[in-house]
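Peer 1: Can you look at this prediction? I've put the sequence above it.
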Amino acid sequence: MLKANIAVFCSGGGTNLQALLDAQAAGTLRSGRIALVLASTPEAYALERAKKAGVPAAVCSRREIGSQEAFEAAIRKALSAHDIHVIVLAGFLSILSEDFTRCWPGRILNIHPSLIPAFCGKGMYGLKVHEAALARGVKITGATVHLVNEIPDGGPIVLQRAVEVLPGDTPEILQRRVMEQAEWVLLPQAAELLCAQIVKGEDKQ
């Protein structure tokens with residue numbers, strides 16, 4: 001295996017996907033290649049980013065497919081078709097079951113917009129995280145990349161980066177700063193670390 005194949009799961013604009021694509025183009029993501037973008041809705045702008053980058057894409061909508069079992073079966077089919085080794089959740093708002101995550105031990109990365117264990121867990125995503133941070137009055141927030149297990153935001157931490165909370169911040173302003181200063185930096189670094197580990201392990205076999 002020369003490079004690990006990465007599937008990036010998205011639900012919206014795909015800004016973290018773009019950070020990964022940019023890192024791949026720059027050569028800083030060198031042990032893996034983005035082989036699939038999987039969106040949870042056909043309206044996700046991440047699909048347009050994938051198209052512009054020439055990356056294969058698929059849509060698996062839980063709402064349209066129906067049951068969780070059928071939804072995850074469709075995901076598994078897409079992953080198998082592209083020989084995926086690593087999954088990166090980059091703003092993917094559909095919940096994956098314990099049965100699914102158990103099949104990918106140490107192979108699923110997620111980016112969360114806080115310094116876990118602060119402001120994380122079930123129901124904490126998107127602007128809600130930054131609203132909670134501002135309501136609490138913290139002076140430092142940030143982002144965390146962690147491995148995914150059956151507990152929401154509960155897997156082992158891979159990387160963290162702190163970001164200052166400034167006077168006058170709104171949830172939207174803080175969200176943008178956390179993305180620019182932490183998320184877009186950390187996620188490509190974590191993907192490279194995991195892919196390098198996988199490639200090295202395959203080379204030893």
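Peer 2: Now that the structure is in, tell me what you want to look at.
Peer 1: buried sites along the longest helix seen in the chain?
Peer 2: Using DSSP state H, we find that the single longest helix of the chain is helix 184-204. Going by neighbour count (16 or more other CB atoms under 10 Å), the buried part of helix 184-204 is 184-196, 198-199. Every C-beta, even on glycine, is put in place using the N, C-alpha and C of the backbone.
Peer 1: between those residues, which is nearest Ala132?
Peer 2: Leu186 (20.0 Å; CB to CB).
Peer 1: you'd agree the closest one is up against Ala143?
Peer 2: Yes: when contacts are counted by CB atoms under 8 Å, Leu186 is listed as touching Ala143 (5.7 Å).
Peer 1: Find residues that contact each of these two.
Peer 2: Ile111, Gln160, Arg161 (CB atoms under 8 Å, 6 or more residues apart in numbering).
Peer 1: most neighbours, which of these?
Peer 2: Each of the shared contacts of Leu186 and Ala143 was scored by neighbour count (other CB atoms under 10 Å); the top score is that of Ile111, with 25 neighbours.
Peer 1: Which strands border the helix or strand harbouring that residue, and is each parallel or antiparallel?
Peer 2: According to DSSP states H and E, Ile111 maps onto strand 108-112. Here strand 108-112 is paired, per DSSP bridges, with strand 86-89 (parallel), strand 140-147 (antiparallel).
Peer 1: any idea which of those is most buried?
Peer 2: Sort the strands paired with strand 108-112 by mean neighbour count, taking mean count of other CB atoms under 10 Å, and strand 86-89 sits at the top with a mean of 25.
Peer 1: Just the strands from the protein, written as ranges.
Peer 2: With DSSP state E as the definition, the chain shows strands at residue ranges 4-10, 32-39, 57-59, 86-89, 108-112, 140-147, 157-164.
Peer 1: Alpha carbons only: can I get the last one in PDB?
Peer 2: Presented in PDB, the C-alpha positions along strand 157-164 are these (Å, rounded to 0.1, in the frame of the first residue of the first chain):
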ATOM      1  CA  ILE A 157      -7.900  12.400  21.400                       C
ATOM      2  CA  VAL A 158      -5.400  12.600  18.600                       C
ATOM      3  CA  LEU A 159      -4.700  16.400  18.400                       C
ATOM      4  CA  GLN A 160      -5.900  19.600  20.100                       C
ATOM      5  CA  ARG A 161      -5.300  23.200  19.400                       C
ATOM      6  CA  ALA A 162      -6.400  26.200  21.600                       C
ATOM      7  CA  VAL A 163      -8.000  29.300  20.300                       C
ATOM      8  CA  GLU A 164      -8.600  32.600  22.300                       C
END
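Peer 1: now it: how far from the chain's centre is it?
Peer 2: Its chain's average C-alpha position is 15 Å from that of strand 157-164, according to CA atoms, centre = their mean, to the nearest Å.
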